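S.K.: attaching a predicted model along with its sequence, questions to come.
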Amino acid sequence: MSPKLTILVAVVVAIAIGAALYLISNQAPPTTAPQPTPTTTQQTTPPTSPKTATSPSPAQQTTPPPSPATTRQTTPTPSTATTQQTTPVQSSTSPQTTATPPQYITIRDVLGREVQIKLPVRRVVAIGPGALRLVVYLNATDKLAGIEALEKRPPQGRDYGYVLWAKNLTGLPVVGQGGPGSPVNFEAIIEARPDVIIMTPTLANTPDEVQAKTGIPVVAVTYGTTGTINFTELFYSLKILGQILDREQRARQLIAYMQSLIKDLERRTANVTNRPKVYAGAISYRGGRPFTSTQSGFPPLVLLKTPSVADKYNIMPGAQISWEALLKEQPDVVFIDLGNYLTVVQDFNKSKDPYCSLNAFKQGKVYGVLPFNHYWTNIATMLADAYYMGKVLYPDRFADVDPAKKANEIYTEFLGMPLYQKIAKDFGGGFRQLSFPCG
């Protein structure tokens, strides 16, 4: 082949290859179906401040208790009853982040006040008669940010006080003086930095006033007036505190235990045809009291379906019955509050005649019970007293009950420790028959 022909063939081949490459580079890419844009369903964002919150859904609220004379039903607020905001899905070019907004629970306290609380609650103070007792009963002392000065006293008479001392909690900051009608120390509470204030409505300041002046949610709890116990209010207070303090299971457990004791006492004393005449005297109330200090509707006797001779006189806690009335009523059995036993002994030694004119003293049917009326009703001690008094009054119905063992069972269930021997030692021996020689 000649050189010219060879060059011509090479040119033709080069042109053919170039044309093929051009056609390949200009073909359309395959069509890809468009991907849908991710969507996010957003829920209602919880309020950022408890003070300005709107009303939550019914599932978040706790139905308030009705008046003590009616049966209360509680709609418990689930521990997760909060509304959370969902973070939208971001583009694939940036990393995804998940923000967890604060959670809130709205409860209605015993006064019918709606209170919104940010969860979890890590620090609380409990002020007013009986408030701290419920926190201790719920085994939530790890959340205490301070206590009242009154709680630093030795625990005698306050069943929950033994737990404070055992756990060295009396060294916590003081958040107020304590005591019925005492003023609230706003500055001390604010300095303790609680997430929630738990209080009984017996102080000089109302819950609304305390909440307004501290800016901290206030929850009111109660379980009756001084010297009495309202189990409906008590169970409701424990339920809402269980939700607030993350102790819902503990609250249910304690309520169920109390209900079992109430039913047991009712069963044991049902259909009793011959009930003795009973007097409970020297009942504690804000300090030492004489033998004639008593009250109508003495709680252990109420649980035993047994009237006191004082009932017909409508005697309020802290008041006294006259000797004339006692001599007229002639109780068959007398119970004396051991917190005032020495006061009664001193008075007896000064003048035996009034005492020895009572059949119960002449026949030696005088017994000592543990004091439960100290900074409101000490519920565990009151229930222990009920079993001992039942043993004395109806020995055949309580034949299987050892009062000391039953008391330790009750204290262990309420406070996590068998306290009977320690409490009995503090009051000279605990449950026992007392000697008042009238010969």
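M.R.: Good, I have the coordinates.
S.K.: what helix or strand is residue 409 on?
M.R.: For residue 409, the host element (DSSP states H and E) is helix 403-415.
S.K.: can I get that helix in PDB, CA atoms only?
M.R.: Extracted as PDB, the C-alpha positions of helix 403-415 are listed here (Å, rounded to 0.1, in the frame of the first residue of the first chain):
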ATOM      1  CA  PRO A 403     -48.900  -6.600 119.900                       C
ATOM      2  CA  ALA A 404     -45.100  -6.100 119.900                       C
ATOM      3  CA  LYS A 405     -44.500  -8.200 116.800                       C
ATOM      4  CA  LYS A 406     -47.500  -6.600 115.000                       C
ATOM      5  CA  ALA A 407     -46.100  -3.100 115.900                       C
ATOM      6  CA  ASN A 408     -42.700  -4.100 114.400                       C
ATOM      7  CA  GLU A 409     -44.400  -5.300 111.200                       C
ATOM      8  CA  ILE A 410     -46.300  -2.000 110.900                       C
ATOM      9  CA  TYR A 411     -43.200   0.100 111.600                       C
ATOM     10  CA  THR A 412     -41.200  -1.900 109.100                       C
ATOM     11  CA  GLU A 413     -43.900  -1.500 106.400                       C
ATOM     12  CA  PHE A 414     -44.100   2.300 107.000                       C
ATOM     13  CA  LEU A 415     -40.600   3.200 107.800                       C
END
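S.K.: residues of that helix that come out buried?
M.R.: By neighbour count with 16 or more other C-beta atoms under 10 Å, helix 403-415 contains the buried residues 403, 404, 406, 407, 408, 409, 410, 411, 413, 414, 415. The C-beta positions use only the backbone N, C-alpha and C, and glycine is treated the same way.
S.K.: from residue 379, how far off is the fifth one?
M.R.: With the distance defined as C-beta to C-beta, to the nearest Å, residue 408 ends up 16 Å from residue 379.
S.K.: against residue 365, how distant is the closest residue to residue 276 other than its chain neighbours?
M.R.: Beyond its immediate neighbours in the sequence, the residue positioned closest to residue 276 (C-beta to C-beta, 6 or more residues apart in numbering) is residue 332, lying 4.1 Å away. As judged by C-beta to C-beta, residue 332 and residue 365 stand 7 Å apart.
S.K.: how about the host helix or strand of residue 249: buried residues?
M.R.: Using DSSP H and E, residue 249 maps to helix 248-268. For helix 248-268, burial by neighbour count (16+ other C-beta under 10 Å) applies to 248, 250, 251, 254, 255, 258, 261, 265, 268.
S.K.: now the helix holding residue 409 against helix 248-268, angle please.
M.R.: With axes from the mean of the first three to the mean of the last three C-alpha atoms, to 10 degrees defining the directions, helix 403-415 sits at 150 degrees from helix 248-268.
S.K.: what's in contact with the helix holding residue 249?
M.R.: Contact partners of helix 248-268, identified using C-beta atoms under 8 Å, 6 or more residues apart in numbering, comprise 76, 79, 137-140, 231, 234-235, 238-239, 241-242, 303-305, 379, 383, 386-387, 390, 394, 397-398, 410, 413-414.
S.K.: surely residue 155 and residue 162 touch.
M.R.: Yes. Contact between residue 155 and residue 162 holds when scored by C-beta atoms under 8 Å: they sit 4.7 Å apart.
S.K.: got a list of what the residue nearest to residue 276 touches?
M.R.: If you count contacts by C-beta under 8 Å, 6+ apart, then residue 332 has 276, 277, 278, 359, 360, 365 around it.
S.K.: just the buried ones from these?
M.R.: With burial judged by 16+ other C-beta under 10 Å, the buried subset of those is 277, 278, 360, 365.
S.K.: which of those lies closest to residue 196?
M.R.: residue 278 (42.1 Å; C-beta to C-beta).
S.K.: who's that closest one bridged to?
M.R.: Assessed by DSSP bridges, residue 278 has beta-bridge partners residue 308, residue 333.
S.K.: sorry, back to before: and for residue 332 and residue 365, which residues touch both?
M.R.: Counting by C-beta under 8 Å, 6+ apart, the residues touching both residue 332 and residue 365 are residue 359.
S.K.: in what helix or strand does residue 368 lie?
M.R.: strand 366-369.
S.K.: now that strand - C-alpha only, CSV.
M.R.: What follows is strand 366-369 as a C-alpha-only set of coordinates in CSV (Å, rounded to 0.1, in the frame of the first residue of the first chain):
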residue,chain,number,x,y,z
VAL,A,366,-55.6,0.4,133.2
TYR,A,367,-53.2,0.1,130.2
GLY,A,368,-50.6,2.2,128.5
VAL,A,369,-50.5,3.0,124.8
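S.K.: roughly how far out does it sit from the chain middle?
M.R.: 30 Å (C-alpha atoms, centre = their mean, to the nearest Å).
S.K.: neighbouring strands for that strand, and are they parallel or not?
M.R.: As defined by DSSP bridges, the strand partners of strand 366-369 come to strand 333-337 (parallel), strand 432-433 (antiparallel).
S.K.: for the shortest one, give me every contacting residue.
M.R.: If I follow you right, that is strand 432-433. With contact meaning C-beta under 8 Å, 6+ apart, strand 432-433 is reached by 364, 366, 367, 368.
S.K.: looking at those, state which has the most neighbours.
M.R.: The member of those surrounded by the most neighbours (other C-beta atoms under 10 Å) is residue 368, with 23 neighbours in all.
S.K.: now do the strands in this protein.
M.R.: Using DSSP state E, the strands of the chain run over residues 103-108, 114-119, 124-127, 144-146, 196-199, 218-220, 278-281, 333-337, 366-369, 432-433.
S.K.: where does the stretch 201-350 of the chain have low pLDDT?
M.R.: Filtered on pLDDT under 70, the stretch 201-350 of the chain yields no residues whatsoever.
S.K.: tell me which of the buried ones among the contacts of residue 332 is nearest to residue 147?
M.R.: Closest approach to residue 147 among the buried ones among the contacts of residue 332 (C-beta to C-beta): residue 278, at 37.0 Å.
S.K.: burial count for residue 395?
M.R.: 10.
S.K.: for it, phi and psi?
M.R.: The phi/psi pair for residue 395 (degrees, to the nearest 10) reads phi -60, psi -30.
S.K.: okay, it and residue 167: tell me how far apart.
M.R.: Residue 395 sits 38 Å away from residue 167, taking C-beta to C-beta as the criterion.
S.K.: then residue 330?
M.R.: As defined by C-beta to C-beta, residue 330 lies at a distance of 47 Å from residue 167.
S.K.: try residue 210
M.R.: 26 Å.
S.K.: for the two, indicate the residue with more neighbours.
M.R.: Using other C-beta under 10 Å as the criterion, residue 210 and residue 167 rank with residue 210 on top: 21 against 13.
S.K.: picking that back up, any idea of the mean pLDDT in the helix holding residue 409?
M.R.: For helix 403-415, mean pLDDT is 98.
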